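Asker: I'd like to go over a predicted model; first the sequence, then the structure.
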Amino acid sequence: MATLDFYGEPGSPPCRTVKMVAAAIGVKLNTKFVDLDAKEHLKPEFLKMNPEHTIPTIDDNGFYLWESRAIAAYLVDQYAKDDALYPKDAKKRALVNQRLFFDLSTLYGSFADYYYPVLFYGAPKFDPEKFKKIEQAYDFLNTFLEGKEWVAGTSMTIADYSMVSSVGAAEAVGFDYKKYSNVLAWFERAKKAIKSYDEIYHPDAMVFKKWYDDAGAGDKK
């Protein structure tokens, strides 16, 4: 079993993506907790690995990589027994990549743009205009899933893992994703298909919910 160093922390949705993909393909992560409050991500030794000082970051025997979607793709290419989670076929891979980029820029992007200013940066209240962007993103995802079981093709891929992290974070803070019927059906299906979900995902999502509660975010809408 391959082992590599994984820098992250439990509450981070992108970190959960990497942990679940690694578990799915049998890669062992030597987890190194990064205390963001203590600014450990700004220490010289971390900046040497990742000048952007973000988590998750991996160190695979001196090969440093960050951004959860890029890490997930690398892990499958480098260590998976087959390409099921990240197909090598150009058209299939292109669809997975499109969904990953959609998640980064639109689904998770709109979520972070709305919630994170209040949760992490001291904003006094949420911006209702930004909330509309989240709803639009879920409308898109609901359309992508019309008549389909998975977000990119006929089987589960790393795009599903990434979006499970995004939708799970939204679920943890009370976003009503259940009104999007295709998203709801897919999310329930994905949670059952991801063998590490109960062990890895759910406990970490509760850490995220604690951040939300501790910030008093429910009173700032």
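Answerer: The structure has been received and is ready for your questions. Owing to the predicted nature of the structure, the values given are computational and were not obtained by experimental measurement. Numbering: from 1, shown residues only.
Asker: which regions of the chain sit below the pLDDT cut-off?
Answerer: For the chain, residues meeting the criterion pLDDT under 70 lie at 217-221.
Asker: Break it into its domains for me.
Answerer: With domains defined by automatic domain parsing, the chain comprises 3-79, 90-219.
Asker: Any chance of CSV for those domains, columns mean neighbour count?
Answerer: Every C-beta, even on glycine, is put in place using the N, C-alpha and C of the backbone. Below are these laid out as CSV (neighbours: other CB atoms under 10 Å):
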stretch, mean neighbour count
domain 3-79, 18
domain 90-219, 17
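Asker: now the host helix or strand of A22, how far from the chain's geometric center?
Answerer: Assessed by DSSP states H and E, A22 sits inside helix 13-25. Distance, stretch centre to chain centre, for helix 13-25: 8 Å (CA atoms, centre = their mean, to the nearest Å).
Asker: Touching it from outside, list them.
Answerer: 6, 8-9, 28-29, 55-56, 58, 67-69, 71-72, 75-76, 79-81, 85, 108, 158, 161-162, 164-166, 168-169, 194-197, 199-201, 204-205, 208 (CB atoms under 8 Å, 6 or more residues apart in numbering).
Asker: dump the residue contacts of E52.
Answerer: Taking CB under 8 Å, 6+ apart as the test, what E52 contacts is W66.
Asker: in this protein, which spans are strands?
Answerer: Per DSSP state E, the chain carries strands over the ranges 3-8, 28-33, 57-60, 63-66.
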